[in-house]
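Colleague: generate a structure from the sequence data that follows.
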Amino acid sequence: MVGVVPLSVAKERSDQRNLDLVMIAPTAEPPVCKIMDYGKFMFEQSKKEREARRNQTVVEVKEVGLKLRTEEHDFGFKIRNTCRFLDEGNRVKIVLKFRGREMTYTSQGYEVMKRVTDAVADHGQVDRPPRVEGRNMIMFLAPKKN
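Modeller: So this is what the prediction gives:
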């Protein structure tokens, strides 16, 4: 921390140390500058970004489709896949499709969604509750936090 210094003095100090004068906050009054090795700074920044990219996990959204009258065996199969997706750490989008006059029975659709949430309760929780969008009812499940 040097304080307020004229620009010419700051440039002179940076030249003496063979470093760069970098403007940190140009909109501040007076502008804030720092004497540093800019090339080394940029290298460190890119290194941090690469490390962060390597450590990040990409969460995919898997989709499981149901119908209002999905049979018990098929329902169990879809629940098993949903649990597997949640265990892998992915979010799951449950889509319940209504065909024809089934649109008048949306209350039964909510019951099916309730069955799904009860069946996967050990593996995940509701991220976004079920809601009707056009001829589909959509709900999102997220993996349980450890």
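Colleague: tell me the pLDDT of residue 32.
Modeller: Residue 32 is assigned a predicted lDDT (pLDDT) of 91.
Colleague: and the gap between it and residue 19?
Modeller: Note on residue 32: its distance to residue 19, by CB to CB, to the nearest Å, is 16 Å. (C-beta placed from N, C-alpha, C; glycine too.)
Colleague: more neighbours, those two?
Modeller: For residue 32 versus residue 19, the count of surrounding residues by other CB atoms under 10 Å is larger for residue 19: 15 against 12.
Colleague: need phi/psi at the more buried one.
Modeller: phi -120, psi 180 (degrees, to the nearest 10).
Colleague: what do you get for residue 63?
Modeller: Phi and psi for residue 63, reported as degrees, to the nearest 10, are phi -120, psi 130.
Colleague: which one is it nearest to, not counting chain neighbours?
Modeller: Distance criterion CB to CB, 6 or more residues apart in numbering; nearest residue to residue 63, sequence neighbours excluded, is residue 93 at 4.6 Å.
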